[in-house]
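> the following comprises the amino acid sequence and a computationally predicted model.
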Amino acid sequence: MANQPIKSKIVKLETKIDGFDHISIGGLPKGRTTLLSGTAGSAKTVFAIQFLVEGIRANGSGGVFVTFEESPPDIKLNTEGFGWEISEWEIEGKFAFVDASPQIGVETIVSGEYDFGALIARVEHAVKKTQATRVSLDSLSAIFNQFKDDQIVRRELFRLVGALKTLGVTSIITAERTQEYGAIGRYGVEEFVADNVIILRNVLEDEKRRRTMEILKYRGTSHQKGEWPFTIMPDKGIVVIPLSAIELGQKSSNIRISSGVSELDEMCGGGFFRDSVILVSGATGTGKTLMSTHFIAGGTAKMERCLLFAFEESREQLFRNANGWGVDFEKMENDGVLKVEARYPETANLEDHLLNIQRVIDEFKPMRVAVDSLSALERVSTIKGFREFVIGLTSFIKHREITGFLTSTTTSLMGGTSITEGHISTITDSIILLRYVEMYGEMQRGVTILKMRGSMHDKSIRQFSIDGKGMHVGKTFRNVVGILAGNPQHVDNNEEIQRMDGLFSDDK
Amino acid sequence: MTKLELKLYIAGNSAISRTAIRNLKQICETNYTDGYTLEIVDVVKEPDLIETEKIIATPTLIKISPGPEKRFIGDFSNARKIIESIKIS
């Protein structure tokens, strides 16, 4: 028994669908059939066609699309927007349709025993003609609708899958399901047809749609577990967002960069670290946009390229604000050191925003990136989706070894935290709090460094003012307590203050 | 009276194919004594032909003439059903 030969391992075929090969640890099991199940509108057909398209694009391997539902002209029309030149590939002999869609206008009478011999012959013929290695069948439910005898359909589907195996092609069969969570397919046989099952979901949560993909079963081989968010890009098709690609292996740099405010640099012990992510949190109007403006001005002053993503204000508003603080965004853009991307959060879902941000960063290659504000994006997503977005964004920034400056708006004016902070505070390197402080009938602003990873920093809460030149950090609020809790109170006990001064002094 | 023109698609020399041919010939011999044409196509040998006709199941019988076109899927074990729907006037 000891020297039994090791059975051949299941090899995987890289689909080249963005992100999918990562979550599937290498792609689809080669030479096998995978069931792709999902509700109406969950992008099954897109996945099935894209699987063939990426094969043709990657290494010119042929693809056969067997359609039981839509006619080939309809499919071509519907996928035109992705830039897939199916008609051309058809002429080149790399792509073939097997049209098994219902024939409209022809009366068909079914009676007695029959099989799918013709269909199998057509598929085999198309595979040989195009030398296909990839085959997609769309969809199982449609063929059950066309032929009423479930028992025959079931038997013939097994034969078809057997024929695909003999041909040695890697294939996908789509199946419709009625619920996002529940039975895999409608007919109760779908999962037995294939060795592997992938589920596409399009879940409605808090009035927002969220697409996810889950590999439910890969017989005899491994895959990542759980649901992975994905999106459909207009010029690309399906893009899976593999959060697990994120590793905590970032290098960390000792190079300090300026925040754009000299007093703040001092408070941080000499400035921010080059490859750190900084979170600035505060109520509306406390000066978050101002700080991001300084952060950018600090970079452009050294001719570093800076990128600003604005989700709260328009370009015009931002430029006017910056002008008010003596910063000329327009000139910076003309000099090519700044790029401002202003968008309403509602223009896209969060997955698309993330991919867009990543694309712009890779195109512009900045040294500094500011996002103002992160919390505006909370509106367009579920809590879970937002958490994934924040992790995806921060890790991307860190991997590029650039400085990220994120702002977050707290809901309460005087203190408290936002959802954003809850998700992000542990993965950011530095946290700066901006707070309103009520002082004898006057609103003042306070700033403090709550956390600064890998560095000494000023622990005091400093008062600051804003004028035509921007932010000016002043003295410490010595005789106020409870600022961070949002409940400032004045104390006049000077002895206590002096004692405290000594207690936490960094010099000792 | 229009002559009956039929085309039968079968997949290889299977049991179903043989039953279908036998049943169909019997139906035609007894019911369409005025004459008919029957062309038999083996999809395994001529897959290009069926691609244009978009045949899925076998056996499939297409009644070409008299129009309109009608399709029958099965082994023709139910003769009456076929005869009723072919109905040549």
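Perfect, thanks for sending it. Fair warning: this is a prediction, and the values are worked out from it, not measured in the lab.
> tell me what the most centrally placed residue in chain B is bridged to.
Against the mean C-alpha coordinate of chain B, by C-alpha atoms, centre = their mean, the closest residue is B:L61 at 2.9 Å. Assessed by DSSP bridges, B:L61 has beta-bridge partners B:L8, B:F72.
> now A:T286, what's its secondary structure?
coil (DSSP: H, G, I helix; E, B strand; the rest coil).
> show me the shaky parts of the chain.
All of this is about chain A. A:1-8, A:186, A:188-191, A:243-252, A:412-423, A:486, A:493-508 (pLDDT under 70).
> think we crossed wires, I meant chain B
Using pLDDT under 70, chain B drops low at B:1-2, B:87-89.
> tell me the residue of it that sits nearest chain A?
B:A11 (2.4 Å; C-beta to the nearest C-beta). Backbone N, C-alpha and C define where each C-beta goes, glycine included.
> can you tell me which residues contact that residue?
A:115, A:117-118, A:120-121, B:17, B:42-44, B:58-59 (C-beta atoms under 8 Å, 6 or more residues apart in numbering or on different chains).
> now, which of these lie within helices?
The helices, defined by DSSP state H, take in A:117-118, A:120-121, B:17 from the contacts of B:A11.
> write the PyMOL selection for whichever of those are buried.
In PyMOL syntax, the buried subset of the ones in helices among the contacts of B:A11 is picked out as below (16 or more other C-beta atoms under 10 Å in any protein chain shown):
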select buried, (chain A and resi 117+118+120+121) or (chain B and resi 17)
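> pretty sure B:V44 sits against A:A121.
Yes. Taking C-beta atoms under 8 Å as the definition, B:V44 is a contact partner of A:A121 at 5.2 Å.
> between the ones in helices among the contacts of B:A11, which is nearest A:R256?
Distance to A:R256 across the ones in helices among the contacts of B:A11 (C-beta to C-beta) is lowest for A:I120, with 68.6 Å.
> so what's that closest one up against?
A:159-160, A:163, B:11.
> just give me the closest of those to A:G93.
Closest approach to A:G93 among those (C-beta to C-beta): A:A163, at 21.2 Å.
> name the helix or strand for that closest one, please.
helix A:150-167 (DSSP states H and E).
> may I see the buried residues of that helix?
A:152-154, A:156-157, A:160-161, A:163-164, A:167.
> before we move on, what about stretch A:72-86?
Buried residues in stretch A:72-86 (16+ other C-beta under 10 Å): A:72, A:75-76, A:79, A:82, A:84-86.
> contacting residues around A:G185?
A:G185 neighbours (C-beta under 8 Å, 6+ apart): A:35, A:37, A:140-141, A:175-177, A:191.
> where does it land in three-state SS?
A:G185 carries the three-state label coil when classified by three-state DSSP.
> setting aside sequence neighbours, what's the nearest residue to it?
Among residues not flanking A:G185 along the chain, A:A175 sits closest, at 4.3 Å (C-beta to C-beta, 6 or more residues apart in numbering or on different chains).
> grab the nearest non-local neighbour of the closest residue to chain B within chain A.
Distances between chain A and chain B by C-beta to the nearest C-beta are smallest at A:G117, namely 2.4 Å. Among residues not flanking A:G117 along the chain, B:A11 sits closest, at 2.4 Å (C-beta to C-beta, 6+ apart).
> please tell me how far that neighbour sits from B:I82.
Between B:A11 and B:I82 the computed distance is 20 Å (C-beta to C-beta, to the nearest Å).
> could you do A:D99 as well?
26 Å.
> who's more crowded, the two?
A direct count of neighbours by other C-beta atoms under 10 Å in any protein chain shown for A:D99 and B:I82 places B:I82 higher, at 23 against 20.
> can you give me the end-to-end distance of stretch A:124-139?
From the first residue to the last, stretch A:124-139 extends over 18 Å; the measure is C-alpha to C-alpha, to the nearest Å.
> same check, this time on stretch A:106-123
23 Å.
> then stretch A:433-449?
6 Å.
> so which residues of the stretch 51-200 of chain A form strands?
A:62-67, A:95-99, A:107-110, A:132-138, A:170-176, A:196-205 (DSSP state E, counting those that start in this stretch).
> the first one and chain B in contact?
No. In terms of C-beta under 8 Å from any C-beta of the partner chain, no part of strand A:62-67 sits within range of chain B; the closest distance is 9.9 Å.
> got the contact list for that strand?
A:48-49, A:51-53, A:55-56, A:72, A:75, A:89, A:93-101, A:119, A:123, A:126-127, A:130-138, A:169.
> among those, which are within reach of chain B?
Okay, of the contacts of strand A:62-67 touching chain B (C-beta under 8 Å from any C-beta), that's A:98-101, A:119, A:126.
> what about the residues you listed, which one has the most neighbours?
A:L119 (27 neighbours).
> any idea how far B:E51 is from that one?
Taken as C-beta to C-beta, the span from A:L119 to B:E51 is 11 Å.
> contacting residues around the residue most central in space within chain A?
Centroid-nearest residue in chain A, with C-alpha atoms, centre = their mean: A:E351, separated by 4.0 Å. By C-beta under 8 Å, 6+ apart, A:E351 lies in contact with A:211, A:229-231, A:239, A:241, A:385, A:389.
> most widely separated two among those residues?
Among the contacts of A:E351, A:V239 and A:G385 lie farthest apart (C-beta to C-beta), at 15.0 Å.
> of those two, who's got more company?
Neighbour tally, A:V239 and A:G385, criterion other C-beta under 10 Å: the higher count belongs to A:G385, 22 against 19.
> helix or strand: which one has that one?
Using DSSP H and E, A:G385 falls in helix A:383-399.
> mind checking how far that helix is from the chain centre?
On the basis of C-alpha atoms, centre = their mean, to the nearest Å, helix A:383-399 is displaced by 7 Å from the centre of the chain it belongs to.
> report all helices and strands that the next helix or strand after that helix contacts.
On the C-terminal side of helix A:383-399, the closest following helix or strand by DSSP H and E is strand A:403-409. For strand A:403-409, the packing partners by 3 or more C-beta pairs under 8 Å, 6 or more residues apart in numbering or on different chains; DSSP states H and E come out as strand A:277-282, helix A:288-300, strand A:368-372, helix A:383-399, helix A:419-424.
> quick revisit: the helix holding A:A163 to strand A:132-138, inter-axis angle?
If you take axes from the mean of the first three to the mean of the last three C-alpha atoms, to 10 degrees, helix A:150-167 sits at 160 degrees to strand A:132-138.
> which residues touch helix A:150-167?
For helix A:150-167, using C-beta under 8 Å, 6+ apart, the contacting residues are A:31-33, A:113-116, A:119-120, A:123-124, A:127, A:135, A:137, A:140, A:143-144, A:147, A:171, A:173, A:187, A:189, A:193-194.
> from the middle of its chain, how far away would it be?
38 Å.
> break down chain B into its helices, ranges please.
Under DSSP H, chain B gives helices at B:15-31, B:47-53, B:79-86.
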